[in-house]
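K.L.:
3D, please:
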Amino acid sequence: MRARVLIVEDEDKLRRVLEMHLDGEGYEVVSAGTAEDALRRTEDVALVLTDLRLPGIDGLELMEALRQNTDAPVIVMTAFSSVETAVEAMKRGAADFLPKPFSLDHLSAVVGKALEMRSLRQENLQLKVELGKKLSFDNIVGQGPKMREILGAVARVAPARTTVLLCGESGVGKDLIARAVHHHSPRASRPFVKINCTAIPESLMESELFGYEKGAFTGATASRPGKFEQAEGGTVFLDEIGDVPLAIQVKLLRVLQERELERLGSNKTVKIDVRVIAATNVDLRRAIEDGEFREDLYYRLNVFPLTIPSLRDRREDIPALAVHFLNRLAVQDGRPVPALSASARGALMAYHWPGNVRELENVLERSMLLANGTVLQADDIRFDVAPQRAPAPANGFLPEGVTLEQHEQDIIREALRRASGNKSQAARALGMTRNAFRYRISQMGIE
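P.N.:
Now for the predicted structure:
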């Protein structure tokens, strides 16, 4: 459909020129010689182009009246251009200002830009609506007593500024709960910035979190704000907080206590207003005992702790989650929604789900692709099967044909697999410190 543009201009000759030009540009054009006539022609208008000097109601008053009828952007034009007039028009919501005389090429550029910005605003609004539907409590699947308790806690803490610490295994949905807290808070219209503390190299973490000034290090050709500044007025979600190095933990503590930070290479204090939500799948108390996590930071984070239950601890939610994922995956792939047989439901309920909700979604997606019929049977459910490892020989020595280095690599890879890639958790499983574990995998070249 062609975008409809309303032209409001009392000078007949100029109005006809504008009509012909914009029609030739591919727009549907309607026009009026007065503001009163224009207000009767606002239906389905995508943009209004109006003179400020009009008989009767002038352009500024027209802008006020248009707010009641349409959300179309307004471009004002006048031969009596002045800074004061332009400022007043922009204060009242004008998308742009055209001083007469102007070229038709300039007009085309301004109209195109205004319509593009309107399209982006509408798209952004639609995305927020869809995100709101996704994160509303009615659409967080889980009607068992444990999830009802979690959602009740989210409803209580969301309106406050309180720091939240989300605990639970990998794959239980901590990210979704964090977004729900943000979405139901007064900060919902402000940024939600997720920081995966495991994914950021230790050497880059300070500059990523707190920003840097020009010349702070080789390659810093311009100043750049960090994640905390980018989230101003909104929420910072620190995922896998247990993997933050001790040196960075000191700076995080200052952010939580003082609500301020300093960029790398600067001694200027920057005040910030952010809410912090942290998440971890490790025991932070044990990390404190091992000297890998600061006790004072822990108590700053642990203001409102929420432990998200594992899927095997809320098996009553598995059937509803399975139906939810099947419906969503079917829509994404454009295929009929498969039914879930009683035998398939029983198989899902009996499985131990080490990967929790994330693993359930992956299993169902794989099962849908490989199933033959429109009803998923127990035989169609394709669970994760760990690769079979050669059994250790009875004498407890190395497997035949395997070197010590290969055997050690296999053990470390297995520890990482069981910990879903979390180095701290894998190190603890092997009785090693995190630093020693990281050194070992770097020496082995394991990613």
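
K.L.:
Domain map for the chain?
P.N.:
Domain assignment for the chain, taken from automatic domain parsing, gives 4-126, 139-309, 312-380.

K.L.:
gap between the helix or strand of the chain with the lowest mean pLDDT and the chain center?
P.N.:
Of all the helices and strands that make up the chain, helix 83-91 has the lowest average by mean pLDDT, DSSP states H and E, namely a mean of 73. Relative to the chain's own centre, helix 83-91 is displaced by 36 Å; criterion: Cα atoms, centre = their mean, to the nearest Å.

K.L.:
Mind giving me the packing neighbours of the helix or strand just after it?
P.N.:
Moving toward the C-terminus from helix 83-91, the next helix or strand (DSSP states H and E) is strand 96-99. Identification of packing neighbours for strand 96-99 by 3 or more Cβ pairs under 8 Å, 6 or more residues apart in numbering; DSSP states H and E yields strand 74-78, helix 83-91, helix 104-135. In short, each C-beta sits where N, CA and C put it, glycine included.

K.L.:
closest to residue 98 out of those?
P.N.:
Each of the helices and strands packed on strand 96-99 has some distance to residue 98 by Cβ to Cβ; the shortest is strand 74-78, at 4.0 Å.

K.L.:
What pairs with that closest one, parallel or antiparallel?
P.N.:
Its sheet considered, strand 74-78 pairs with strand 47-51 (parallel), strand 96-99 (parallel) by DSSP bridges.

K.L.:
where among those strands is the average confidence lowest?
P.N.:
The stretch with the lowest mean pLDDT among the strands paired with strand 74-78 is strand 96-99, at a mean of 84.

K.L.:
Need the residues that contact that one.
P.N.:
Applying Cβ atoms under 8 Å, 6 or more residues apart in numbering, the contact partners of strand 96-99 are 73, 75-79, 81, 86, 89-90, 106-107, 110, 113-114.

K.L.:
which parts of that strand are buried?
P.N.:
Across strand 96-99, burial judged by 16 or more other Cβ atoms under 10 Å covers 96-98.

K.L.:
Could you do stretch 337-346 as well?
P.N.:
338, 340-341, 344-345.

K.L.:
which ones among those are found in strands?
P.N.:
In strands, defined here by DSSP state E, the members of these are residue 340.

K.L.:
any chance you could read off phi and psi for the residue most central in space within the chain?
P.N.:
With distances taken as Cα atoms, centre = their mean, residue 192 lies nearest the centre of the chain, 6.0 Å away. Reported as degrees, to the nearest 10, the phi and psi values for residue 192 are phi -120, psi 110.

K.L.:
in the sheet, who's paired with it?
P.N.:
residue 235.

K.L.:
So it sits against residue 230, correct?
P.N.:
No: checked against Cβ atoms under 8 Å, the pair residue 192 and residue 230 is beyond contact range at 10.5 Å.

K.L.:
how near is residue 70 to residue 43?
P.N.:
8 Å (Cβ to Cβ, to the nearest Å).

K.L.:
what about the two, which has more around it?
P.N.:
residue 70 (17 against 10; other Cβ atoms under 10 Å).

K.L.:
which ones are touching the more buried one?
P.N.:
42, 45, 48.

K.L.:
would it count as being in a helix?
P.N.:
No: looking at residue 70 with DSSP: H, G, I helix; E, B strand; the rest coil, it is coil, so not inside a helix.

K.L.:
now the strands for this protein?
P.N.:
4-8, 28-32, 47-51, 74-78, 96-99, 164-167, 192-196, 235-239, 260-262, 269-271, 275-280, 304-307, 339-340, 375-376.

K.L.:
Which one, of the ones you listed, ends up nearest to residue 360?
P.N.:
Per Cβ to Cβ, nearest to residue 360 of these: strand 339-340, 12.2 Å.

K.L.:
Mind giving me the packing neighbours of the closest one?
P.N.:
So strand 339-340, by 3+ Cβ pairs under 8 Å, 6+ apart, packs with helix 318-333, strand 375-376.

K.L.:
In JSON lines: the strands paired with strand 74-78, plus distance to residue 211.
P.N.:
Formatted as JSON lines, these follow (distance: least, Cβ to Cβ, whole Å):
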{"stretch": "strand 47-51", "distance to residue 211": "38"}
{"stretch": "strand 96-99", "distance to residue 211": "32"}
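
K.L.:
closest one to residue 171 among those strands?
P.N.:
Minimum separation from residue 171 across the strands paired with strand 74-78 (Cβ to Cβ) falls at strand 47-51, 47.5 Å.

K.L.:
Now for the residue nearest to residue 303 when sequence neighbours are not counted: which residues touch it?
P.N.:
With Cβ to Cβ, 6 or more residues apart in numbering as the criterion, residue 303 has its nearest non-adjacent residue at 4.6 Å, and that residue is residue 163. Counting by Cβ under 8 Å, 6+ apart, residue 163 touches 256, 275-278, 300-301, 303-304.

K.L.:
Relative to residue 357, which of these is nearest.
P.N.:
residue 277 (18.6 Å).

K.L.:
My read is that that closest one contacts residue 238, right?
P.N.:
Yes: if you go by Cβ under 8 Å, residue 277 and residue 238 touch, sitting 7.2 Å apart.

K.L.:
And those two? Which one has more around it.
P.N.:
residue 277 (29 against 25).
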